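**Q** give me a 3D structure for the following:
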Amino acid sequence: MTAASSIAALATEGLSVNFGALLATRNVSLDLPVGARHALIGPNGAGKTTLINLLTGLLRPSAGAIRLHGATITHATPAERVRRGLVRTFQINSLFPALTPLESVTLAVCERRGLTRSWLSRLSRRTDAIDEAHALLHRLGLGPDAERLTRELAYGRQRLVEIALALACEPRVLLLDEPAAGVPARESAELFEVIAGLPRDLAILFIEHDMDLVFRFADRITVLVGGQVLCHGTPTEIAENPEVQRVYLGMPVMSEALLSVRALSAGYGDASVLDEVSFELEEGDALALLGRNGMGKSTLLATLMGHTLRRGGTIALRGRPVERLAPHLRPGAGFGWVPQERDIFPSLTVEENLTVAARRGPWTLARVHELFPRLRERRGNLGFQLSGGEQQMLAIGRALMLNPALVLLDEPLEGLAPVIVEELSAAIRRMVEREGLAIILVEQHAHIALGLTRQAIVLERGRIVHRAASEALARDHATLERYVGMRVAAKAA
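**A** Sure, this is the predicted structure:
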């Protein structure tokens, strides 16, 4: 091995940063050889993105050094680091939605070539840059989407566009901050297949919470806990490390439920409705809440959103306690709510209703239109001009535009015509099965609710009296008859 080949593509020594009294990164040292496929893992708050920000110059270290192919870049500007070959992507897309992938990547190629002063001239004249951009997009499997508007692409394809922009800078080291974040499972595997096919002389450091992807694509793994390195190793060594199993592989990011409700009691004024309700919901799961009218189903959803008087118990979403959060803060924590009353803005247009409180993420206006084509057709109509079914579609679409981790659906099919019930049921099924979105569904039509979910809970006078897989409960006519009613049981039969 020559001296040149033994120099790490990227190396840090004793890298630390503090924010006041908080030491966010502590004495981190790592080496990435040329061609590395190196994963950075750890619990939420471990300092992974902080480390990426230090490496790319968005944060200045309090101590330590950073070297890129042997050259010290500790105090280089972010732009200088990009020019030297250290390029990153972000956890949340930073794209130009009104440009095509071809236009965006061509601009990145022009920037790398020092042609930015001529951006105001016609881009079509830069045929060599366009050819390079075309070739890059085809290499990543984006050729068919090259001339579509970026905002029209599926979220997984948008993540690939961001990688294409990074590759247009001709990096020697590529940093990927949760490249599969928000991407449906079926697309994330395809995304990592593309990443795995990148040139082997390119060193890649990536953050990822999906351990299946990490163990499949990484050749080395660094585990961060509390801002410091717990250990480095191969995937096999990391999987077998007892300390890693104790502090990470068994922690919330891997095995804890998306939603954890413990001994929850709540009501209105002096009236108690919920009595020590406890349950869990996993990522991507779908839960039906069943029971006769007045048994606490809608109250449970309202309590999750903070709209009742909680008398006891806890609520945690992705390990974060939220029971003390004000109602207006819970959407930011990851809840999406479709109330029974719909509560759309009648004096706003459909598009204004969808975008007024939208948050960045995989659910965009284009994706909501794809789920509910009627909303695209009615985008200029005011809320009060919509039919009941269209208003329900708008209420669900507005919740999705918040890009929630969990959607609460309170009687979404109530009072709707059969053809609309079928259309909304198909949309909810797609949300769960194709998009991997977790939902809790309150629905009086038990046979429909059980067909759209995987798990079911039955409430009686504010207490959970039965739990089962939805498929099994659909066949349990005696339980449905006892707790839901003869009419529903007959339909389920």
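
**Q** burial count for residue 66?
**A** Residue 66 is flanked by 22 other residues according to other Cβ atoms under 10 Å. For every residue, glycine as well, the C-beta is placed using N, CA and C.

**Q** pretty sure it is in a helix, no?
**A** No: assigned with DSSP: H, G, I helix; E, B strand; the rest coil, residue 66 falls outside any helix and is strand.

**Q** tell me the pLDDT at the nearest residue to it once chain neighbours are set aside?
**A** The shortest distance from residue 66 to any non-neighbouring residue, by Cβ to Cβ, 6 or more residues apart in numbering, is to residue 74 (4.8 Å). Residue-level confidence at residue 74 comes out at 95, pLDDT.

**Q** ok, residue 74 - contacts?
**A** By Cβ atoms under 8 Å, 6 or more residues apart in numbering, the contact set of residue 74 is 61, 64-66.

**Q** residues near residue 77, how many?
**A** Residue 77 has 10 neighbours, counted by other Cβ under 10 Å.

**Q** pretty sure it is touching residue 57, no?
**A** Yes: when contacts are counted by Cβ atoms under 8 Å, residue 77 is listed as touching residue 57 (5.9 Å).

**Q** ok, the residue nearest to residue 66 to residue 28 distance?
**A** Here residue 74 is placed at a distance of 13 Å from residue 28 (Cβ to Cβ, to the nearest Å).

**Q** next one: residue 188
**A** 27 Å.

**Q** higher neighbour count, those two?
**A** More crowded of residue 188 and residue 28, by other Cβ under 10 Å: residue 28, with 24 against 21.

**Q** my guess is the more buried one meets residue 11, correct?
**A** No: look at residue 28 against residue 11 with Cβ under 8 Å: they stay out of range, at 11.0 Å.

**Q** how many other residues sit next to residue 236?
**A** So residue 236, with other Cβ under 10 Å, has 10 neighbours.

**Q** and the pLDDT for it?
**A** Value listed for residue 236 in the pLDDT field: 84.

**Q** tell me the SS of it?
**A** Under three-state DSSP, residue 236 comes out as helix.

**Q** okay, how far is it across stretch 109-129, tip to tip?
**A** 6 Å (Cα to Cα, to the nearest Å).

**Q** and that stretch, average pLDDT?
**A** 71.

**Q** and what of stretch 445-463?
**A** 91.

**Q** okay, buried residues for stretch 348-359 please.
**A** 348-351, 353-354, 358 (16 or more other Cβ atoms under 10 Å).

**Q** which parts of stretch 159-170 are buried?
**A** Buried, per 16+ other Cβ under 10 Å, within stretch 159-170: 159-169.

**Q** picking that back up, which of the buried residues of stretch 348-359 lies closest to residue 131?
**A** residue 358 (36.5 Å; Cβ to Cβ).

**Q** mind pulling up the pLDDT for the closest one?
**A** The score at residue 358 is 89. That number is its pLDDT.

**Q** residues contacting it?
**A** 365, 401-403.

**Q** just among the contacts of residue 74, which is most surrounded?
**A** residue 66 (22 neighbours).

**Q** list the contacts for that residue?
**A** 10-12, 15, 54-55, 72-74.

**Q** please convert these to JSON lines, extending it with distance to residue 236 and secondary structure.
**A** Shown next, in JSON lines, are those (distance: Cβ to Cβ, whole Å; DSSP: H, G, I helix; E, B strand; the rest coil):
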{"residue": "10", "distance to residue 236": "24", "secondary structure": "strand"}
{"residue": "11", "distance to residue 236": "24", "secondary structure": "strand"}
{"residue": "12", "distance to residue 236": "24", "secondary structure": "strand"}
{"residue": "15", "distance to residue 236": "27", "secondary structure": "strand"}
{"residue": "54", "distance to residue 236": "29", "secondary structure": "helix"}
{"residue": "55", "distance to residue 236": "26", "secondary structure": "helix"}
{"residue": "72", "distance to residue 236": "34", "secondary structure": "strand"}
{"residue": "73", "distance to residue 236": "33", "secondary structure": "coil"}
{"residue": "74", "distance to residue 236": "33", "secondary structure": "coil"}
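
**Q** mind listing what's buried along the helix or strand where residue 468 lies?
**A** Assigned by DSSP states H and E, residue 468 falls within strand 463-469. Across strand 463-469, burial judged by 16+ other Cβ under 10 Å covers 464, 466, 468.

**Q** before we move on, what about stretch 447-466?
**A** 447-460, 462, 464, 466.

**Q** quote the end-to-end distance of that stretch.
**A** This stretch, stretch 447-466, spans 16 Å end to end (Cα to Cα).

**Q** with stretch 352-368 instead?
**A** Stretch 352-368: ends 13 Å apart by Cα to Cα.

**Q** who's in contact with whichever strand or helix holds residue 408?
**A** Here residue 408, judged by DSSP H and E, is contained in strand 406-410. Here strand 406-410 makes contact (Cβ under 8 Å, 6+ apart) with 258-259, 281, 297-298, 301, 304-305, 317, 334-340, 396, 399-400, 428, 431, 437-443.

**Q** circling back to that earlier point, buried ones only from the contacts of residue 66, please, as a PyMOL command.
**A** Buried members of the contacts of residue 66 can be picked out in PyMOL with the line below, counting by 16+ other Cβ under 10 Å:
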select buried, resi 10+11+12+15+54+55+73+74
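
**Q** which single one of the contacts of residue 66 is nearest to residue 93?
**A** Once Cβ to Cβ is applied, the member of the contacts of residue 66 that ends up nearest residue 93 is residue 55, at 20.0 Å.

**Q** distance of that closest one relative to residue 47?
**A** 12 Å.

**Q** what does residue 155 give?
**A** 26 Å.

**Q** of these two, who's got more company?
**A** Taking other Cβ under 10 Å, residue 155 and residue 47 do not tie; residue 47 has more neighbours (24 against 20).

**Q** in this structure the more buried one contacts residue 22, no?
**A** No: Residue 47 is beyond contact range of residue 22, at 10.5 Å (criterion: Cβ under 8 Å).

**Q** got the domain ranges for the chain?
**A** 3-249, 259-492 (automatic domain parsing).

**Q** worst mean pLDDT among those?
**A** domain 3-249 (a mean of 86).

**Q** residue 91: neighbouring residues, count only.
**A** Neighbours of residue 91 (other Cβ under 10 Å): 15.

**Q** in stretch 315-333, what counts as buried?
**A** For stretch 315-333, a neighbour-count test (16+ other Cβ under 10 Å) marks 315-318, 322-323, 325, 330-331, 333 as buried.

**Q** ditto for stretch 403-410
**A** So stretch 403-410, judged by 16+ other Cβ under 10 Å, has buried residues 403-410.

**Q** pretty sure residue 423 contacts residue 389?
**A** Yes: between residue 423 and residue 389 there is a contact at 7.3 Å, judged by Cβ under 8 Å.
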